[in-house]
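Student: what shape does this take:
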Amino acid sequence: MYHKLNNEIKRINNVIEELLPYQYMKIIEINDWDFTQKDVSKRVNIGYNWDYNHFPVKFKKEIDIPNEYYGEFWFGGETLIKVDGKPYGEINEYHREIALPSGKHLIEAEVVPYNLFGRPSKAIFERANLIKINFEVKKLIRYFTGISQIMQNTDDTALIDELSDLIDKTFGIISIPKETNTYLNSIERMNLNYRQLSNIWSRPRFNKFPGGNLDVSEALKYLELRLKDLRSKYPKIGNIYVTGHAHIDYAWLWPIEETKRKILRTFSNAVLLAEKFDKFTFTQSSAQMYEDIEGSDLFEKIKELVEKGKWDPNGGMWVESDTKIPSIESLIRQFYYAQRFFKERFDKYTSVCWLPDVFGFSWILPQIIKQAKINYFFTTKLTWNEKNPFPYDICYWKGIDGTKVLYHSFYNPKGGYNGYLDAECAIKTFNNFRDRKIFDGTLLTYGYGDGGGGPSEEHMMDFEVTNNLPYVPELIPTTGDKFFRILNESIKDKEIPVWDNELYFEFHRATHFTQLNMKKYHKLLEDELFFAEYILAINNIEYDFSDIWKKLLTREFHDIIPGSSIKEVYDEAVDTLKMEIKNCKDIIDRNLNDSEECVLINYSNYNSDMYFESENEYNLPAQKTYDGRYIYEIESIPSFSNRNLESGEPIIDNYKEDDDLILENEYYLVMVYNDGIEIYDKKKDRNLFEGKGNVLTLYEDIPFAWGAWDIDYNYKKFGEILKAKKISVVESGKLRKVIKLEYEYETTKIIQYISLAKNSKRVDIKTEIDWHLRKKLLKAIFPIDVFSRYARFDISGGYITRPLHKNTTYEQAMFEVYMHRWFDISEPDFGVAILNNGIYSTSIDNNVFGLSLIHGPIYPDLYADEGKHELMYSIMSHSNNIREINEEAEKINKPLRILKKKVELKDKILDFNPLKVVAVFKKDNNLIVRLVEVEGKRGMCKFNIKHMYNNVYLSNILLDEKHLLSENEFEYKPFKIYTLIFE
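Tutor: As a prediction, this is how the structure comes out:
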């Protein structure tokens, strides 16, 4: 080879350029289309510029299509093609050509003026052609492309020379027309020449290429014969198991309504390919997407492909959900509703938890996966890690309770899960596969994802071409299910590494606290569903909440609840969640009889506070609150019990004039300053903080990428402590004292109400924020005066222990972590916990924690989190007691509820101490109770409800297994989930 490699590759690209026009034997322009937008219809031709403000629009024409012709279309954006009224295939940036049936057919195009990733498209009808394709020329181009990719990805100079020589000899067999007019006409269908000539001074115009015949059969035959010889000399380097795939974000840079159109377009495309190519297989997750098309002809075709083993409905979840923000019961319902759907529609459970793009994975997930009859876990997201590569491609992921699932990931630098089947993608993916001693190959998914329409015919041509090339891995068609079964069978006698921890993703840490309103209403609906299912079930009323659950689960998609979508997504999500919260309350109202008396209900797992707040008047000792309500003193109500309330005039404790900026009860002495608070534990005789805690600090929020997704490692270098402009006592009495702090920063206002109640083990801080800042981050800083190298963080189904030091790069990367209702740092006999109601993130740096309250990214929502928010967090000390922390956290997350209804509640009927009840509902006239061990202990759980039922069974989360309990007790183990069926 004479040239340097880079120059040789450029030369090969120029050779390919000469062949490009002759992919098309005949090009017939189609004009005179019926166009419809809203209520307006007209006849239009190519070049028509339509109004992008109202969509989708429709183009329609009956066409007599010759045999073996394709449609080459661009109507102005992503398009669903229908043939004779039925969904048929997709047109987008990656799918400009579509095979059409011969004969007279009505062709319809349903168009939205957007390209991939939600980018606006020019709403111009640019192209509509019938084309006859020369597949031998196309294949020759893919061969030349693949050969050049091998040359760029091998160090074997002999192979490079032989491949370069092969291209020259093959090209020498071809005779391309070079007569001036013919050649100049062909430039319109070239890439490099067209762009180059379009930018010269005179800007020449080129005629449209009508197509042309170019016989390359001899060249193709010669090339394939030589390649066969080269495969013997330079054999395949391994295996890659490939499956078609289309990662469809249920919402992201487009709203849900557009996703439903993407589903139709993408699934139609995949069906078309499955029917045309024997080697095509397809793996697609998300029960919600299948439900979206259920009842259509398309769904029936998919069912047929599933039976043939060509289409793999997998994933096991309702959507590809975030796994950090949803509660444990929400994650369980993701699998419960999805697996039941797959079983009922496709006669089988899915086998793989398929989450290629989710932003980190909770340690509680393996147990849930396994109880959902799933044995395998797949992601590619950890290959994105900012600092530390995840060490394994194949391992067992061991969950918080000891449950293990088989994990696999691949690293494809050319598109990730949106892979190709060309030589470059195959070589690089295989070379990145680190566990060849365990298995002979890796998985690779191919197809244009993120709404890109999935695989194309070019992928299928590359499948054939790449398998005919030397040196590159062998491509083996598979599905997600088939691949993992083969993998699982082959590793039975091998030593497989185990990863025993959460799967922490070193990116996208700000998704724990972006789009606060969405997260707020999501949690409110989670809590409302728990209460509604519980209160009806315990009153022996069965009600199907599945529609509400599914709406919640859909909005747990990994680009919705994390906060990484456009404004329109959150407008819809918040409205939907609010509506479903109201629906839950209406369902209770319709199903329970009215009562003259009110009942005060403790629906939590622990004894209640000795007070509650209400705007209504009851004949109880009370104190007027700063916001015009009453706080009432009561005796603590046991868990899952109730007390009647007597309406009447409250017994008011007179307000005490008090300007002292000190809060005190039998547990704490709290000093309030304009830049933080000090808390002294009176019983332990020690301070909770080194200096002041609850120090509101504002930071610059400028990550190097991904505004709504990320928080930068260096943000702490740019902090500014806020000082309250005004401090006042706004409530003081025998039951509670409240101090108000008012902060201002530019046009942003922050108000904090710091309160301490009689007999309370918590200092409560309600924070109201009127936020008008962009690219700023607000944290509450707590330098806790406790010496420990580890802290504990609630993860809904137990807790995780994380290091506080920064000895390793792994620990340095975990500068921001997610949590649920609390985090805690403890010495053997003393600890401090920060509790919350709906805050999900904190920074950690030795003993200094920074509760992440709000930030102001500009992409993809320019006004993300602009406006008013209300947050709640609390501070407590304890004796290194997890149960004590959980008890106080539950009090602020499940406060006492008041119903003016007749309720049949027997005190402590749901006493499963020390296990935590996370769901109570009626199903098939049975009472279902879900329990979780959250303290890391083992023992016997005894309960007193068995006598009310014929039989009691232990089951799994799918409720499809029954193990009879002979006694009213069972043995429990650390962090395990238990589902009881009372028959």
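
Student: what's the first helix or strand after the helix or strand of the chain with the lowest mean pLDDT?
Tutor: Ranked by mean pLDDT, DSSP states H and E, the weakest helix or strand in the chain is helix 192-197, scoring a mean of 89. Remark: after helix 192-197, the chain's next helix or strand is helix 217-233, criterion DSSP states H and E.

Student: what mean pLDDT does that following helix get?
Tutor: Per-residue pLDDT over helix 217-233 has a mean of 97.

Student: which ones are touching residue 286?
Tutor: 248, 250, 315, 317, 318, 319, 320, 338 (Cβ atoms under 8 Å, 6 or more residues apart in numbering). C-betas here are computed from N, CA, C, even on glycine.

Student: who wins for most neighbours among these?
Tutor: residue 317 (32 neighbours; other Cβ atoms under 10 Å).

Student: only alpha carbons, please: show the least confident helix or strand of the chain as CSV.
Tutor: Listed next in CSV are the C-alpha coordinates belonging to helix 192-197 (Å, rounded to 0.1, in the frame of the first residue of the first chain):
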residue,chain,number,x,y,z
LEU,A,192,-18.7,14.4,-0.8
ASN,A,193,-18.8,15.7,-4.4
TYR,A,194,-22.2,17.3,-4.0
ARG,A,195,-21.3,19.1,-0.8
GLN,A,196,-18.0,20.3,-2.2
LEU,A,197,-19.4,21.6,-5.5
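
Student: which among the contacts of residue 286 gets closest to residue 188?
Tutor: residue 248 (34.1 Å; Cβ to Cβ).

Student: ok, now how distant is the closest one from residue 155?
Tutor: Separation of residue 248 from residue 155 (Cβ to Cβ, to the nearest Å) stands at 39 Å.

Student: any weak-confidence spans in the chain?
Tutor: 654-655, 906-908, 946-947 (pLDDT under 70).

Student: in stretch 278-288, what's buried?
Tutor: Within stretch 278-288, the residues scored as buried using 16 or more other Cβ atoms under 10 Å are 280, 281, 282, 283, 284, 285, 286, 287, 288.

Student: wouldn't residue 401 be in contact with residue 973 here?
Tutor: Yes: if you go by Cβ atoms under 8 Å, residue 401 and residue 973 touch, sitting 7.0 Å apart.

Student: which of the two has more neighbours?
Tutor: Neighbour count, other Cβ under 10 Å: between residue 401 and residue 973, residue 401 has more, with 20 against 13.

Student: excluding chain neighbours, what is closest to that one?
Tutor: Nearest non-adjacent residue to residue 401, counting by Cβ to Cβ, 6 or more residues apart in numbering: residue 975, 4.1 Å away.

Student: so who does that neighbour touch?
Tutor: Counting by Cβ under 8 Å, 6+ apart, the residues that residue 975 touches are 364, 367, 400, 401, 797, 798, 932, 933, 934, 936.

Student: so which two of those are the farthest from each other?
Tutor: Every pair of these checked by Cβ to Cβ; the farthest is 367 and 936, at 13.8 Å.

Student: outside of the longest helix seen in the chain, which residues touch it?
Tutor: Using DSSP state H, we find that the single longest helix of the chain is helix 567-591. Taking contacts as Cβ under 8 Å, 6+ apart, the residues outside helix 567-591 that touch it are 251-252, 255-256, 515, 517-518, 521-522, 524-525, 528-529, 531-532, 535-536, 541, 543, 545, 548, 551-552, 555, 559-560, 861-864, 899, 901.

Student: gap between it and the chain center?
Tutor: Distance, stretch centre to chain centre, for helix 567-591: 21 Å (Cα atoms, centre = their mean, to the nearest Å).

Student: ditto for stretch 778-797
Tutor: 26 Å.

Student: what do you get for stretch 386-399?
Tutor: For stretch 386-399, the distance to the chain centre is 19 Å (Cα atoms, centre = their mean).

Student: could you pull up the contacting residues of residue 777?
Tutor: 698, 699, 700, 701, 711, 715, 852, 854, 855, 856.

Student: touching stretch 130-138 from outside, list them.
Tutor: 19, 22-28, 30, 63, 65-66, 68-72, 97, 100, 211, 213-214, 216-217, 220, 461.

Student: name the residues of it that are buried.
Tutor: For stretch 130-138, using 16+ other Cβ under 10 Å, the buried residues are 130, 131, 132, 133, 134, 136, 137, 138.

Student: in a strand, the second one, correct?
Tutor: Read that as residue 131. Yes: assignment of residue 131 by DSSP: H, G, I helix; E, B strand; the rest coil places it within a strand.

Student: what sits opposite it in the beta ladder?
Tutor: residue 27, residue 70 (DSSP bridges).

Student: next one: it from residue 70, what distance?
Tutor: Counting by Cβ to Cβ - residue 131 and residue 70 are separated by 5 Å.

Student: wait, isn't residue 352 in contact with residue 378?
Tutor: Yes: counting by Cβ under 8 Å, residue 378 is a contact partner of residue 352 at 5.5 Å.

Student: quick one, what contacts the residue lying farthest from the centre of the chain?
Tutor: Centroid-distance maximum for the chain: residue 179 at 56.3 Å, with Cα atoms, centre = their mean. Counting by Cβ under 8 Å, 6+ apart, residue 179 makes contact with nothing.

Student: helices and strands around the longest strand that the chain contains, which ones?
Tutor: Using DSSP state E, we find that the single longest strand of the chain is strand 867-878. Strand 867-878 sits against helix 516-538, strand 676-681, strand 763-771, strand 830-836, strand 848-855, helix 882-893, with contacts defined as 3 or more Cβ pairs under 8 Å, 6 or more residues apart in numbering; DSSP states H and E.

Student: so what strands line up beside it?
Tutor: The pairing partners recorded for strand 867-878 under DSSP bridges are strand 763-771 (antiparallel), strand 830-836 (antiparallel).

Student: picking up where we left off before, what's the angle between the longest helix of the chain and helix 516-538?
Tutor: Here helix 567-591 runs at an angle of 20 degrees relative to helix 516-538 (axes from the mean of the first three to the mean of the last three Cα atoms, to 10 degrees).

Student: tell me the one among the contacts of residue 777 nearest to residue 566.
Tutor: The closest of the contacts of residue 777, once distances to residue 566 are taken by Cβ to Cβ, is residue 856, at 15.9 Å.

Student: what about that closest one, how many residues nearby?
Tutor: Neighbour tally, residue 856, other Cβ under 10 Å: 22.

Student: wait, doesn't it sit right on residue 862?
Tutor: No: shown here, residue 856 and residue 862 do not form a contact pair, counting by Cβ under 8 Å, at 9.9 Å.

Student: on that earlier part again, residue 367 and residue 936: which is more packed in?
Tutor: Neighbour totals were compared for residue 367 and residue 936, and residue 367 leads with 26 against 15 (other Cβ under 10 Å).

Student: name the nearest residue to that one, sequence neighbours excluded.
Tutor: residue 403 (4.2 Å).

Student: so what's the one you found up against?
Tutor: Applying Cβ under 8 Å, 6+ apart, the residues contacting residue 403 are 366, 367, 369, 370.

Student: can I get those in TSV including distance to residue 707?
Tutor: Output for the contacts of residue 403, formatted as TSV (distance: Cβ to Cβ, whole Å):
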residue	distance to residue 707
366	32
367	35
369	32
370	37
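
Student: which ones among these map onto helices?
Tutor: Using DSSP H, the contacts of residue 403 in helices are 366, 367, 369, 370.

Student: tell me the one of the residues you listed nearest residue 751?
Tutor: The closest of those, once distances to residue 751 are taken by Cβ to Cβ, is residue 367, at 41.6 Å.

Student: how about the strands in the stretch 251-400 of the chain?
Tutor: Applying DSSP state E, counting those that start in this stretch to the stretch 251-400 of the chain gives strands spanning 282-284, 311-313, 352-354, 376-378, 394-398.
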